[in-house]
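# just need the structure, nothing else, for what follows:
(one chain, ligands or ions: 1)
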Amino acid sequence: MCGIVGAVAERNITAILIEGLKRLEYRGYDSAGLAVLSEQGLERRRRIGKVSELQAAVAADPLLGKLGIAHTRWATHGAPTEENAHPHFSGHDVAVVHNGIIENHEELRDELKGLGYAFASQTDTEVIVHLIHHLLKTTPDLTAALKAAVKRLHGAYGLAVISTSQPDRLVAARSGSPLVIGLGLGENFLASDQLALRQVTDRFMYLEEGDIAEIRRDQVLVWDQAGEPVQRETVQHSEGAEAADKGVYRHFMLKEIHEQPAVVQRTLEGRLGKDHVMVQAFGPQAAELFAKVRNVQIVACGTSYHAGMVARYWLESLAGIPCQVEVASEFRYRKVAVQPDTLLVSISQSGETADTLAALRNAKELGFLGSLAICNVGISSLVRESDLTLLTLAGPEIGVASTKAFTTQLVSLMLLTLALGQVRGSLAAGVEAELVEELRRLPARLGEALAMDHVVEKTAELFADKHHTLFLGRGAQYPVAMEGALKLKEISYIHAEAYPAGELKHGPLALVDGDMPVVTVAPNNELLEKLKSNLQEVRARGGQLVVFADEQAGMSNGEGTHVIKVPHIADALAPILYTIPLQLLSYYVAVLKGTDVDQPRNLAKSVTVE
Ligand code: G6P
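Sure thing, here's the model as predicted:
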């Protein structure tokens, strides 16, 4: 995912732009660049690789300017070369940086070529800068030209534009890719993530979908989607809210649980078209590679493995693609027989887990069609060594027990399912549009699930003196139950096992008594009635039931049965939603037990050794 920084000030802003880019580097990059309006006109530096390369280039050949834009790039159209790095210029008059994907770039490219524009890159972005340049001939105001230009763009964008004709301003547009304005004193800034601007301000104005902004040193004007002038709220953030401190929360884990609506929103941004997933979000070669995929092999460890197990249900049931999932430590040492045309998908929060990396490296010898990393760290080894990447964009996760990394992995894997199904034409009619709509609503639904916080806190009391717990789920909720059990054992040290509910009679029922609570996730789907019968089997043995049930599932409290109602959600997305109460449950049990929630004994956040 790319990053944008912009500034308009009375001082030289080059160092501010570079510092901002560095703060966005965690998202991944393959090249970086900046353009400033100096006394010589528009000047730029671009480099392949890390922001430090760009910084060295600027140190060697300094740029001075009071207006500028900068970008870290994550290639979608065109290889990571200097020519393809942003900012893109049209002549020496206009410069643009862009996050997102312009879907109708080919058509616009032909049109602009017809108007005499020569293209210097393979990017989709370059059409934007020439289009604005062309429009400026008849509409000399930069904001008006941008407003006209975005009407021609299909796809997702966060845009920042500067022009020599109006050297006092920077203009911006947001559609599907976030932008935030940082408000200073006599200077203002723009970025794709407020993290980039923490060094210069703590006051922010978030642009909304369809907004256009004109940012000058002493004034910010915003127009909404309908072209009407609007005031967007100014929000003040005390420093460090994103990562380094716990804010109002007692533990990082609780903070990260509560961040999920916002980070899931970020995972989705720039990746959804009107009624489809943007395949290019997986990288420039994704469409070509995905078209050949006939099987998927997933490898991962720990929580990431559970995300892979959920994905298997989705890939097979929605996209009709056979899928295998294996823990990386097993896969790497096994003699694997690979089906033809199999895509290797590795899932990892850190991108540095030794077994997952080794599995990817070994796989290179095994004849896979290609590799895709679903990863939270853009500068990780896993990302570097995979053919394609989808960053989960959960932001830094500090709590050792993974929470927001898991739900953003699930969202990313749903995007993968829809993208593969789309390219291969294997989705049932209407499914993609419907799930895209549901995905858009997901952050709000996760917010509703978080409102269960206090009810779950109360329920946790049932577990504080227990030594064993059983988690049950069916279908895609089985891996959710596994993840629930893993969370509980990781941070409360209570022994927890997960079983597919149908397996209960084949062994674990022997363990059930009044001392072993049984936790169940029960969305309202075709397996609900079967699940209810399994729960009767538990009750008949005196087992205490804690059931997280769909509000429409017709389940209610009874003797030994605690039902916690969960907001209704489309079945395909239920694994994401039901994860939240299970995270809260383990958190509150651990708090009651007084364990070290954020750094449980014997565990590490990133397991870089075998
Ligand atoms: C460790 C962490 C887990 C994580 C697993 C895999 O065990 O404690 O939270 O799920 O490693 O890590 P990865 O970074 O590859 O997702």
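# make it CA atoms for all contacts and neighbour counts henceforth
Noted.
# wait, residue 378 sits on residue 30?
No. Look at residue 378 against residue 30 with C-alpha atoms under 8 Å: they stay out of range, at 9.5 Å.
# so what touches the worst-scoring helix or strand of the chain on mean pLDDT?
Using mean pLDDT, DSSP states H and E, the weakest-scoring helix or strand in the chain turns out to be helix 528-539, at a mean of 81. The contact list for helix 528-539 (C-alpha atoms under 8 Å, 6 or more residues apart in numbering) reads 473-474, 501-502, 504, 509, 512, 518, 522, 544-545, 553, 560-561.
# now do it: distance to the chain's middle.
Centroid separation for helix 528-539 versus its chain: 36 Å, with C-alpha atoms, centre = their mean, to the nearest Å.
# cool, stretch 556-573 as well?
Computed by C-alpha atoms, centre = their mean, the separation of stretch 556-573 from the middle of its chain amounts to 28 Å.
# same check, this time on stretch 427-437
The answer for stretch 427-437 is 20 Å, by C-alpha atoms, centre = their mean.
# run through who's touching that stretch.
Contacts of stretch 427-437 (C-alpha under 8 Å, 6+ apart): 272, 274-277, 318-320, 418, 421-422.
# which of the residues you listed lies closest to the ligand?
Of all these, residue 418 has the smallest distance to the ligand: 22.3 Å, by C-alpha to the nearest ligand atom.
# wait, isn't that closest one in contact with residue 321?
No. Counting by C-alpha under 8 Å, residue 418 does not reach residue 321; the two are 11.1 Å apart.
# give me the more crowded residue out of the two.
residue 418 (28 against 22; other C-alpha atoms under 10 Å).
# now do the phi/psi pair for that one.
phi -70, psi -40 (degrees, to the nearest 10).
# residues from the stretch 501-610 of the chain in reach of the ligand?
Taking C-alpha under 6 Å from any ligand atom as the contact definition, the stretch 501-610 of the chain meets the ligand at 603-607.
# now the spatially most central residue of the chain: how far from residue 176?
The centre of the chain sits closest to residue 267, judged by C-alpha atoms, centre = their mean, with a distance of 2.4 Å. Distance, residue 267 to residue 176, by C-alpha to C-alpha, to the nearest Å: 11 Å.
# need the strands for the stretch 451-600 of the chain, in chain order.
Secondary structure of the stretch 451-600 of the chain (DSSP state E, counting those that start in this stretch): strands at 468-473, 495-500, 518-522, 545-550, 561-566.
# deepest-packed of these, please.
strand 518-522 (a mean of 27; mean count of other C-alpha atoms under 10 Å).
# give the buried residues for stretch 565-582.
By neighbour count with 16 or more other C-alpha atoms under 10 Å, stretch 565-582 contains the buried residues 565-570, 572-582.
# hang on, the earlier thing: in CSV, list the strands of the stretch 451-600 of the chain along with distance to residue 68 and mean pLDDT.
Below are the strands of the stretch 451-600 of the chain laid out as CSV (distance: least, C-alpha to C-alpha, whole Å; pLDDT from 0 to 100):
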stretch, distance to residue 68, mean pLDDT
strand 468-473, 53, 94
strand 495-500, 54, 95
strand 518-522, 52, 91
strand 545-550, 51, 92
strand 561-566, 48, 92
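# any chance of CSV for those, columns distance to residue 435?
As requested, the strands of the stretch 451-600 of the chain are arranged in CSV below (distance: least, C-alpha to C-alpha, whole Å):
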stretch, distance to residue 435
strand 468-473, 23
strand 495-500, 26
strand 518-522, 21
strand 545-550, 19
strand 561-566, 20
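# could you find the closest non-adjacent residue to the residue of the stretch 401-550 of the chain found nearest the ligand?
Closest contact between the stretch 401-550 of the chain and the ligand, by C-alpha to the nearest ligand atom, is at residue 402 (4.4 Å). Spatially, and ignoring its direct neighbours in sequence, residue 402 is nearest to residue 303 (6.7 Å; C-alpha to C-alpha, 6 or more residues apart in numbering).
# so which helix or strand takes in the one you found?
helix 302-317 (DSSP states H and E).
# quick one: list the elements packing against the helix or strand following that helix.
Downstream of helix 302-317, the next assigned helix or strand under DSSP H and E is strand 323-327. Under the contact definition 3 or more C-alpha pairs under 8 Å, 6 or more residues apart in numbering; DSSP states H and E, strand 323-327 sits against strand 295-300, helix 302-317.
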